[in-house]
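Engineer: Generate coordinates for the sequence data below:
(2 chains)
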Amino acid sequence: DVKVTQSSRYLVKRTGEKVFLECVQDMDHENMFWYRQDPGLGLRLIYFSYDVKMKEKGDIPEGYSVSREKKERFSLILESASTNQTSMYLCASSPGQWEQFFGPGTRLTVL
Amino acid sequence: GQQLNQSPQSMFIQEGEDVSMNCTSSSIFNTWLWYKQDPGEGPVLLIALYKAGELTSNGRLTAQFGITRKDSFLNISASIPSDVGIYFCAGQLRRAQFYFGTGTSLTVIP
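Structural biologist: Here you go, the predicted structure:
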């Protein structure tokens, strides 16, 4: 079974803090993704990566950056957290052209 | 970004009833996917569809990839309480381009 893990299930940070969200997949997938999920808006793509050290902006990259130094790990960085970044963050991986597999999510609250 | 039109937004049904939900898009997709999300968890893949017209079952779940490649539906037969959750459709245009519906919230009344 594909396993995608995220470093924290719940996180509370203060405005202006730098926040790291980590995601690890164990199936040697090429592609990895970061989404945020908000009520009524569904899943919105922040960034994705199709190879080590490669990254592409999604629909809402502002205020975020990513890092992919190793194939199995994809990190989402909030350089200076703001209250409007309070959300559920979902990481996913995909072997290529087919389905995505999601992690359990990190619920981030920025105070 | 693109979004899929998923309906209905929510459903309240009696245990044992059948459920039907669908997704439509103005774009042609190569793959349609259906996910279920339990509260506080990430979406879990239920069914993946790869060809226009394809009809695929997974237990009590059946999904179809529309002939026009612009729509898909999901049916759940004989619903049970553990079917409660949010169901999402997703369409894939090409590698790494997935678009999601806004979800259908399902409540099953015992």
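
Engineer: use CA for all of it now, contacts and neighbours both
Structural biologist: OK.

Engineer: Just give the nearest non-adjacent residue to A:Trp34, would you?
Structural biologist: Once flanking residues are discounted, A:Trp34 sits nearest to A:Cys91: 4.7 Å by C-alpha to C-alpha, 6 or more residues apart in numbering or on different chains.

Engineer: got a list of what the closest residue to A:Leu41 other than its chain neighbours touches?
Structural biologist: Sequence neighbours aside, B:Thr102 is the residue nearest to A:Leu41 in space, at 6.1 Å (criterion: C-alpha to C-alpha, 6+ apart). Residues near B:Thr102 by C-alpha atoms under 8 Å, 6 or more residues apart in numbering or on different chains: A:Gly40, A:Leu41, A:Gly42, A:Leu43, B:Gln3, B:Leu4, B:Asn5, B:Gln6, B:Gln9, B:Phe88.

Engineer: which bits of chain A sit near chain B?
Structural biologist: With C-alpha under 8 Å from any C-alpha of the partner chain as the criterion, chain A meets chain B at residues A:31, A:40-44, A:48, A:50, A:59, A:90, A:94, A:96-105.

Engineer: Any of these buried? List them.
Structural biologist: For these, a neighbour count by 16 or more other C-alpha atoms under 10 Å in any protein chain shown gives the buried set as A:31, A:42-44, A:48, A:50, A:90, A:94, A:97-105.

Engineer: Of those residues, which belong to helices?
Structural biologist: Among those, DSSP state H puts none in helices.

Engineer: ok, the lowest-mean-pLDDT helix or strand in chain B: who's next to it in the sheet?
Structural biologist: For chain B, the helix or strand with the lowest mean confidence is strand B:98-100, at a mean of 87 (criterion: mean pLDDT, DSSP states H and E). Strand B:98-100 pairs in its sheet with strand B:85-92 (antiparallel), by DSSP bridges.

Engineer: Please state the offset of the partner strand from the chain centre?
Structural biologist: Relative to its chain's centre, strand B:85-92 lies at 5 Å (C-alpha atoms, centre = their mean, to the nearest Å).

Engineer: and what of stretch B:34-47?
Structural biologist: 10 Å.

Engineer: Could I get the buried residue list for it?
Structural biologist: B:Trp34, B:Tyr35, B:Lys36, B:Gln37, B:Glu41, B:Gly42, B:Pro43, B:Val44, B:Leu45, B:Leu46, B:Ile47.

Engineer: first to last residue in that stretch, what's the distance?
Structural biologist: 5 Å (C-alpha to C-alpha, to the nearest Å).

Engineer: re earlier: just give me the closest of the contacts of B:Thr102 to A:Lys13.
Structural biologist: Of all the contacts of B:Thr102, A:Leu43 has the smallest distance to A:Lys13: 22.0 Å, by C-alpha to C-alpha.

Engineer: hey, what's the closest one bridged with?
Structural biologist: With DSSP bridges as the rule, A:Leu43 is bridged to A:Gln37.

Engineer: for A:Tyr89, same thing?
Structural biologist: Bridge pairing for A:Tyr89 - DSSP bridges - gives A:Arg36, A:Thr106.

Engineer: This completes my enquiry, with thanks.
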